[in-house]
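Colleague: Provided below are the primary sequence and the corresponding predicted coordinates.
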Amino acid sequence: QLQPVESGGGLVQPGGSLRLSCAAAGFRFNSYCIGWFRQAPGKEREGVSLIVNSDGRTSTADSVKGRFTISRDNAKSTVYLQMNSLKPEDTAVYYCAAYRLTSVFIPCTFFRPYDYWGQGTQVTVSS
């Protein structure tokens, strides 16, 4: 059973940076679609960025493109979300989630069911 664990959230001023981490021991053994999602109070959850751990393919939402970068370190079974030029509207609980890619025909996308979810980490952007 894969159990993602997020870390790295906190309070940061507008324009600042944070790096979120998502660690799960099982990432290194199989191919997964790993996504970062966020949910602000009173808003729908939205996909932020995703990566295929086996080949490094990524996709990032337009709302954060150019400011957020997703990456992975397979040796550490960890996925990162580097967030720069943070804005107050980036304030949310950020979740890491994953599903296994058991076939090359299964796409990595925000819109398929994710089987494994972390507990979330709070990011607050405020002066």
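Modeller: All right, it came through fine.
Colleague: what about the protein, any weak spots by pLDDT?
Modeller: Scanning the chain for pLDDT under 70 picks out no residues.
Colleague: could you list every residue that touches Val45?
Modeller: One thing to correct before we go on: residue 45 is Arg, not Val. If you count contacts by CB atoms under 8 Å, 6 or more residues apart in numbering, Arg45 has them with Phe37, Arg38, Gln39, Tyr95. Bear in mind the C-beta positions are built from the backbone N, C-alpha and C, glycine included.
Colleague: typo on my end, Arg67
Modeller: Applying CB under 8 Å, 6+ apart, we find Arg67 in contact with Met83, Asn84, Ser85, Leu86.
Colleague: which element is the residue most central in space within the chain on?
Modeller: Within the chain, one residue has its C-alpha closest to the average C-alpha position: by CA atoms, centre = their mean, that is Trp36, at 2.1 Å. If you go by DSSP states H and E, Trp36 is part of strand 32-39.
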